[in-house]
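S.K.: One predicted model, sequence on top.
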Amino acid sequence: MDMDELFLAARKAADAAYAPYSKFRVGAALLGDDGTVYTGCNVENRSFGLAICAERSAVVSAVSRGQRSFTALAISTPDSRDPVGPCGACRQVLSEFMAPEAQVRFRGSGDKTVDITLGALLPFDSLHDLAT
Ligand code: THU
């Protein structure tokens, strides 16, 4: 499973997004330690603040199935031309289950792709940097 394939899984996951309010679909695909791919999409609510991001939806799905460690993440935002990265809350949640070296790719509908590590997205996090 390479990052291109993982991104395709994220793009497919975006089709399941429940985003009638923002009309902004997001798909996420996490690569588990065992090579299994876990996907998630954003799930909105008429009480706007209750929207759940695709990234956290993928984490919740994977952990519910017994997987707690991931080596890579891909995020697809087909409704924006530019790539959109995970929000701050998702970066924090992802850091619970991914190492700072874990690869993250995000891409919109255009041809720009961002390839970065989780550690670059969330520097100096207490779980990894303060561990003795
Ligand atoms: N959203 C995600 O699912 N992930 C992101 O990384 C950015 C934002 C969702 C939340 C909401 O349903 C919609 O995108 C608009 O913010």
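M.R.: Arrived safely, thanks for sending. From a predicted model like this one, the values you see are computed outputs, not experimental measurements.
S.K.: gap between the spatially most central residue of the chain and the ligand?
M.R.: When CA atoms, centre = their mean is applied to the chain, the residue found nearest the centroid is Glu55 (3.4 Å). Between Glu55 and the ligand the computed distance is 6 Å (CB to the nearest ligand atom, to the nearest Å). To be clear about C-beta, it is placed using only N, CA and C from the backbone, and glycine gets the same treatment.
S.K.: Now that residue: which helix or strand?
M.R.: helix 54-64 (DSSP states H and E).
S.K.: Now that helix: average pLDDT?
M.R.: Regarding helix 54-64, the rounded mean pLDDT is 98.
S.K.: Let's see the longest strand belonging to the chain as PDB, backbone CA atoms only.
M.R.: Identified as the longest strand of the chain according to DSSP state E is strand 98-107. What follows is strand 98-107, C-alpha atoms only, in PDB (Å, rounded to 0.1, in the frame of the first residue of the first chain):
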ATOM      1  CA  MET A  98       0.600   7.900  15.200                       C
ATOM      2  CA  ALA A  99       4.300   8.600  15.600                       C
ATOM      3  CA  PRO A 100       5.700  12.000  14.700                       C
ATOM      4  CA  GLU A 101       7.400  10.300  11.700                       C
ATOM      5  CA  ALA A 102       4.100   9.100  10.300                       C
ATOM      6  CA  GLN A 103       3.400  10.200   6.700                       C
ATOM      7  CA  VAL A 104       0.500  12.500   6.000                       C
ATOM      8  CA  ARG A 105      -0.700  13.400   2.500                       C
ATOM      9  CA  PHE A 106      -3.500  15.800   1.600                       C
ATOM     10  CA  ARG A 107      -4.800  16.800  -1.700                       C
END
